[in-house]
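# Sequence unavailable; structure follows:
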DNA sequence: CTAAAACTTGACGTCGACGTCAAAGGCAAG
DNA sequence: CTTGCCTTTGACGTCGACGTCAAGTTTTAG
């Protein structure tokens, strides 16, 4: 498969795919005229890379970890790095959950104040009041 | 309180604080010589702003929503925006949880393969195999 | 064979959240 | 008054993940 089809099938731009290759997140066979050719497995690989980008990892980190995730090439150091990144993601989840809950209570009290017509005395969830 | 103390107490640089003001995330009194002076409540406000930045909101979005979160100034439109952002955060949590679980299974199978000495046949969690 | 579509490398542009440096003015201590 | 830290505005720099031309090949459709 060539780069255009891979782009369509993954929803990732060709520019991004070339960028991924440049960052060693992806390898490609070359035809004798220089065009990239990808195997079917490239699709899953791209989706993994996207997933890790979405999780906030940098291309450098992804480049270090994908061999482990894809091929099961795991050294103790890579497993450490993997655990560290897992920890970051976990912390991010904790933070996001906290923020979401806070927004929920803001929405709840704001909705209530709109219902009652009161100017919204902030409830116990607000951090602001002195 | 002047900008330096606020910076120390929030762990945010003075540059960032001026940037926040420029983006209308923060207001400051000015002394007759032009120096910024903040009330105690500014500390909590900064922490809220940081929380929302961490949650992936842009300064523009934060500027639109903080009046609602801080002062309870809620119009139906703001409540909508708030709910939309809550949804984004929620989706992000779902994505991150999925990625974390995937990393977990990679770590588990990689650890197992290191224990057994096998070259790590990917388990049911891997998306890669054709 | 020819025109269109797809592909190549190279290089500059973008955007957001600041970092960093510069030049100048403010403020409390000795 | 001067020393030294704090603060001011202004403006350019940065970094990552691409977007966007540009100019030239290659592949495909007719």
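Sure thing, it's come through. Note that the coordinates shown come from a computational prediction; the quantities given were computed from them, not determined experimentally. Numbering: from 1, shown residues only, chains lettered A, B, ... in the order given.

# gap between residue A:76 and DNA strand C?
As defined by C-beta to the nearest atom of the strand, to the nearest Å, residue A:76 lies at a distance of 34 Å from DNA strand C. Where C-beta positions appear, they are placed from N, C-alpha and C, glycine not excepted.

# how many neighbours does that residue have?
Counted by other C-beta atoms under 10 Å in any protein chain shown, the residues lying close to residue A:76 total 10.

# pLDDT score for it?
We have a pLDDT of 87 for residue A:76.

# same deal with residue A:69?
80.

# what's it sitting at in phi/psi?
phi -70, psi -40 (degrees, to the nearest 10).

# quick one, what contacts it?
A:48, A:82, B:102-103, B:106 (C-beta atoms under 8 Å, 6 or more residues apart in numbering or on different chains).

# cutoff 7 Å now
A:48, B:106 (C-beta atoms under 7 Å, 6 or more residues apart in numbering or on different chains).

# Equivalent analysis for residue A:42, please.
Counted by C-beta under 7 Å, 6+ apart, residue A:42 has contacts A:6, A:26.

# one more time with 8 Å
Taking C-beta under 8 Å, 6+ apart, we find residue A:42 in contact with A:1, A:6, A:26, A:28.

# Domain boundaries for chain A, per the record?
When chain A is parsed with automatic domain parsing, its domains come out as A:1-73, A:82-125.

# Please tell me how far the top helix by length along chain A is from the chain's geometric centre.
Counting by DSSP state H, the longest helix found in chain A is helix A:76-116. A distance of 15 Å separates the centroid of the chain from that of helix A:76-116, by C-alpha atoms, centre = their mean, to the nearest Å.

# quick one: is that helix near DNA strand D?
No: shown here: helix A:76-116 not in contact with DNA strand D (C-beta under 7 Å from any atom of the strand), separated by at least 12.9 Å.

# what's the angle between that helix and helix B:76-116?
Here helix A:76-116 runs at an angle of 160 degrees relative to helix B:76-116 (axes from the mean of the first three to the mean of the last three C-alpha atoms, to 10 degrees).

# just checking, what packs against helix A:76-116?
helix A:59-71, helix B:41-54, helix B:59-71, helix B:76-116 (3 or more C-beta pairs under 8 Å, 6 or more residues apart in numbering or on different chains; DSSP states H and E).

# is any part of the first one close to DNA strand C?
Okay, so that is helix A:59-71. No: using C-beta under 7 Å from any atom of the strand, helix A:59-71 stays clear of DNA strand C, with a minimum separation of 14.1 Å.

# in that helix, what's buried?
For helix A:59-71, burial by neighbour count (16 or more other C-beta atoms under 10 Å in any protein chain shown) applies to A:59, A:61-66, A:68-70.

# mind giving me JSON lines with those residues and columns for distance to DNA strand D?
What follows is those, written out as JSON lines (distance: C-beta to the nearest atom of the strand, whole Å):
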{"residue": "A:59", "distance to DNA strand D": "3"}
{"residue": "A:61", "distance to DNA strand D": "8"}
{"residue": "A:62", "distance to DNA strand D": "8"}
{"residue": "A:63", "distance to DNA strand D": "9"}
{"residue": "A:64", "distance to DNA strand D": "12"}
{"residue": "A:65", "distance to DNA strand D": "13"}
{"residue": "A:66", "distance to DNA strand D": "13"}
{"residue": "A:68", "distance to DNA strand D": "18"}
{"residue": "A:69", "distance to DNA strand D": "16"}
{"residue": "A:70", "distance to DNA strand D": "17"}
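
# how far away is the one residue sitting closest to the centre of chain A from residue A:47?
Centroid-nearest residue in chain A, with C-alpha atoms, centre = their mean: residue A:54, separated by 1.5 Å. The gap separating residue A:54 from residue A:47 is 10 Å, by C-beta to C-beta, to the nearest Å.
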